[in-house]
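Peer 1: my questions are about this predicted structure, shown below with the sequence.
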Number of protein chains: 2
Amino acid sequence: MTGEVSVVDVARTAGVSLGTVSNVLNRPERVAPATRARVLAAIEELGFIRNEAARQLRAGRSRSIGLVVLDIRNPFFTDLAAGVEVSAAGAGLSVVLCNSGDDVTREDHYLSLLQEQRASGILITPTARPTSPIEEIRRRGMPLVLVDRSSDDRQCSVSVDDLIGGELAIDHLISLGHQRISFVGGPISTPQVADRLAGARRAARRGGARITVVETAGLTFGAGRLMGERIATSAARRRPTAVFCANDLLALGVLQEMTRHHLAVPGDLAIVGYDDIDFAAAAAVPLTSVRQPREDLGRTAADLLIEEVVSADTHRHRQVVFEPDLVVRESTVPA
Amino acid sequence: MTGEVSVVDVARTAGVSLGTVSNVLNRPERVAPATRARVLAAIEELGFIRNEAARQLRAGRSRSIGLVVLDIRNPFFTDLAAGVEVSAAGAGLSVVLCNSGDDVTREDHYLSLLQEQRASGILITPTARPTSPIEEIRRRGMPLVLVDRSSDDRQCSVSVDDLIGGELAIDHLISLGHQRISFVGGPISTPQVADRLAGARRAARRGGARITVVETAGLTFGAGRLMGERIATSAARRRPTAVFCANDLLALGVLQEMTRHHLAVPGDLAIVGYDDIDFAAAAAVPLTSVRQPREDLGRTAADLLIEEVVSADTHRHRQVVFEPDLVVRESTVPA
DNA sequence: GGCATATTATGAAACCTTTCACTGCCTGGG
DNA sequence: CCCAGGCAGTGAAAGGTTTCATAATATGCC
């Protein structure tokens, strides 16, 4: 009753063979205009809708790519997704957006799903773990690009230099006179977090500052509030004079707790975030943040993937690394 | 070389018929344990991965539902999506997240895609337009639920009472003594915007206040900044004393411009937003906002859809309407 | 007018899974 | 010892599309 109309029905109605219907659909220029018109009329009349499953079965792969992100509620990832979509749409591919929520089980689930769907390729910001199904996927020959994570030369990756990012943040704080600085972020096992911390430490060593690490369970707003509360309620002389947060959500959470406890930012505590999401500039105190080129990241990743999909034989893996900027706002320098 | 392993290969390796392999996959309890083990071993050995396209072709429909939202970068929609995912996962369905960006062409594109994919059903926050392909889709018998938009009894819908929301906002402002209030939002053709405005007007009439409408091109951060700039730079005596924004992104944009022009919130301008996204509380001045139950909205919508998918015959369409709350913060009442 | 070539159209085969009617065998009851 | 019934396993058919070798027809050239 519903989508039960097939090419066969269209062919019968139009009085042509089913091969011709297929040609009208896929290579219209090979069909005589009159015939084409007749077929199109039949399609319209019967309300024919292509069955994508049958197409895929025949083609052996689907016309979509998977994008697996760590946290769909983090604007960083939706901005990135927007970039991916632009490139993918240009290549006639659709994007299946999957949210692993930094959960290994869910990541596994989505990766299986994408393989079963014979996705053309996968873009992934992977969870941190010793061995990942990703290697197996690559061995199977499915194009895959790591996003926001660097890689060796056995696969493509697009990332931002988090070491530099960490340095930028701490150099800035040191230049403002801060010597007691906390790094807020976690889990430390996450490469992005580890690298930002490593960069921070390097800059601190150079500048003679001391970094203490406050590890969080995740990179969320809630985790930031938790740590913000802890910082706000600790004795003033034991408090750091500045914090560098591994992302803006954390920073916003910390900021909110400072405000709630009537502590001044940056007076009592300077705050530097990471990502420079749109909300950073709109925060209670506009947030100094290490800017990542979010959309470019997504666009570039998609371009690399598409290149590998389209020309698998000539494709050479590349590791693109962007450089972050520091955007200074009032959370470190009062207006 | 890659995913070319089929059930036939598995059957041959395990020394059974392909029907048995299928049984192991789908009804393992019907297969003798020894045989089952042999088949599973063969699957493992060969690295067999089910071909979802073939399954779908056979089944006639896919195991996924589509969720078409107006703006993926608006946290309102990602929160909603999170709710949808919870319910869908519970029913063994995956969610295909599509971002129409409030663009009719893209909406059409995604709706075609979902039909071609024979999605089990569709959840959609539709763009505003006189005639929509939605009616055609329903006629074809595909389950569909309107989200964040009310409907007549010919289909399910889940929405929040925007009239009440508008009233809550304006009643609050009037109770604080505001009489010159601007409504910022658009396009007015969007039902949500129109309803919030209608509610606002009703409350204004009741309270003897005057509402002027500042129509925006969309419900984005950028649009908010544009209007914020305009308000901030207009003469103080022509300025409203309060604005009610059709969503939080607009409100945050307006707020940011006020700060940039050194105008006090709420002193020079009180601001009320809508949605109460997480960032509202973290804003420069924490935002008073009309809270919508975002995740509940998503969960309920998915539940209704799933019910229609699972028991199409006994299903009765329902129109669920939630009531919004007002969350008062410093953007209207100084701490 | 005849032949070569270009243009259109044809339809069988292949893609991979699931289902279902069926066979063979075993067990237990009479 | 026979038979009914239950359990395992079988394999052909169906699902809708695309492709490709082939056939039929039209066109152009000498």
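Peer 2: Okay, I see it.
Peer 1: all strands of the stretch 101-250 of chain A, in order?
Peer 2: A:121-124, A:144-147, A:156-160, A:180-185, A:210-215, A:242-245 (DSSP state E, counting those that start in this stretch).
Peer 1: tell me which residues in the second one are buried?
Peer 2: So the one you mean is strand A:144-147. A:L144, A:V145, A:L146, A:V147 (16 or more other Cβ atoms under 10 Å in any protein chain shown). In short, each C-beta sits where N, CA and C put it, glycine included.
Peer 1: just checking, what packs against it?
Peer 2: Applying 3 or more Cβ pairs under 8 Å, 6 or more residues apart in numbering or on different chains; DSSP states H and E, one finds that strand A:144-147 makes contact with strand A:121-124, helix A:133-139, strand A:156-160, helix A:294-310.
Peer 1: distance from it to the middle of the chain?
Peer 2: 10 Å (Cα atoms, centre = their mean, to the nearest Å).
Peer 1: any chance you could map the helices in chain A?
Peer 2: Listed in chain order, the helices of chain A (DSSP state H) span A:7-14, A:18-26, A:33-46, A:52-59, A:75-90, A:104-116, A:133-139, A:162-175, A:191-207, A:221-233, A:248-260, A:278-281, A:294-310.
Peer 1: how about stretch A:311-321 and chain B, touching?
Peer 2: No - using Cβ under 8 Å from any Cβ of the partner chain, stretch A:311-321 stays clear of chain B, with a minimum separation of 10.6 Å.
Peer 1: other residues contacting that stretch?
Peer 2: By Cβ atoms under 8 Å, 6 or more residues apart in numbering or on different chains, the list of residues contacting stretch A:311-321 from outside reads A:143, A:150-161, A:300, A:304, A:307-308.
Peer 1: at 7 Å instead, please
Peer 2: A:150-151, A:153-159, A:161, A:300, A:304, A:307-308 (Cβ atoms under 7 Å, 6 or more residues apart in numbering or on different chains).
Peer 1: which of the strands of the stretch 101-250 of chain A sits closest to DNA strand D?
Peer 2: Nearest of these to DNA strand D, taken as Cβ to the nearest atom of the strand: strand A:121-124 at 19.0 Å.
Peer 1: what's the mean pLDDT across the closest one?
Peer 2: Strand A:121-124 shows a mean pLDDT of 97.
Peer 1: would you format the helices of chain A as a markdown table with distance to DNA strand C included?
Peer 2: Output for the helices of chain A, formatted as a markdown table (distance: least, Cβ to the nearest atom of the strand, whole Å):
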| stretch | distance to DNA strand C |
| --- | --- |
| helix A:7-14 | 7 |
| helix A:18-26 | 2 |
| helix A:33-46 | 3 |
| helix A:52-59 | 4 |
| helix A:75-90 | 25 |
| helix A:104-116 | 9 |
| helix A:133-139 | 17 |
| helix A:162-175 | 41 |
| helix A:191-207 | 35 |
| helix A:221-233 | 40 |
| helix A:248-260 | 40 |
| helix A:278-281 | 44 |
| helix A:294-310 | 18 |
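Peer 1: would CSV of the ones you listed with mean pLDDT and mean neighbour count be doable?
Peer 2: Shown next, in CSV, are those (pLDDT from 0 to 100; neighbours: other Cβ atoms under 10 Å in any protein chain shown):
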stretch, mean pLDDT, mean neighbour count
helix A:7-14, 93, 18
helix A:18-26, 94, 17
helix A:33-46, 94, 16
helix A:52-59, 95, 18
helix A:75-90, 95, 22
helix A:104-116, 95, 18
helix A:133-139, 93, 15
helix A:162-175, 98, 24
helix A:191-207, 97, 20
helix A:221-233, 94, 20
helix A:248-260, 93, 27
helix A:278-281, 91, 23
helix A:294-310, 96, 22
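Peer 1: any chance of those helices in a markdown table with distance to B:S62 as columns?
Peer 2: Listed next are the helices of chain A as a markdown table, based on distance: least, Cβ to Cβ, whole Å:
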| stretch | distance to B:S62 |
| --- | --- |
| helix A:7-14 | 19 |
| helix A:18-26 | 20 |
| helix A:33-46 | 22 |
| helix A:52-59 | 7 |
| helix A:75-90 | 20 |
| helix A:104-116 | 11 |
| helix A:133-139 | 22 |
| helix A:162-175 | 39 |
| helix A:191-207 | 34 |
| helix A:221-233 | 34 |
| helix A:248-260 | 34 |
| helix A:278-281 | 35 |
| helix A:294-310 | 22 |
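Peer 1: those helices: which one's closest to B:I124?
Peer 2: helix A:75-90 (17.8 Å; Cβ to Cβ).
Peer 1: other SSEs contacting the closest one?
Peer 2: On a contact count with 3 or more Cβ pairs under 7 Å, 6 or more residues apart in numbering or on different chains; DSSP states H and E, helix A:75-90 meets strand A:64-69, strand A:94-99, helix A:294-310.
Peer 1: ok, 8 Å please
Peer 2: So helix A:75-90, by 3+ Cβ pairs under 8 Å, 6+ apart, packs with strand A:64-69, strand A:94-99, helix A:294-310, strand B:94-99.
Peer 1: for the longest one, the distance to its chain's centre please.
Peer 2: Its chain's C-alpha centre lies 12 Å from the corresponding centre of helix A:294-310 when counted by Cα atoms, centre = their mean.
Peer 1: and that helix with strand A:94-99, angle?
Peer 2: Put simply, helix A:294-310 runs at 120 degrees to strand A:94-99, going by axes from the mean of the first three to the mean of the last three Cα atoms, to 10 degrees.
Peer 1: hey, C-alpha coordinates of helix A:294-310 in CSV?
Peer 2: Written as CSV, here are the backbone C-alpha positions of helix A:294-310 (Å, rounded to 0.1, in the frame of the first residue of the first chain):
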residue,chain,number,x,y,z
ARG,A,294,36.1,24.1,14.4
GLU,A,295,34.4,24.2,11.1
ASP,A,296,37.6,24.0,9.2
LEU,A,297,38.5,21.0,11.2
GLY,A,298,35.2,19.3,10.1
ARG,A,299,35.5,20.4,6.5
THR,A,300,39.1,19.3,6.2
ALA,A,301,38.4,15.9,7.8
ALA,A,302,35.5,15.3,5.4
ASP,A,303,37.6,16.3,2.4
LEU,A,304,40.3,13.9,3.4
LEU,A,305,37.8,11.1,3.9
ILE,A,306,36.1,11.8,0.6
GLU,A,307,39.4,11.8,-1.2
GLU,A,308,40.1,8.4,0.2
VAL,A,309,36.6,7.1,-0.7
VAL,A,310,36.8,8.4,-4.2
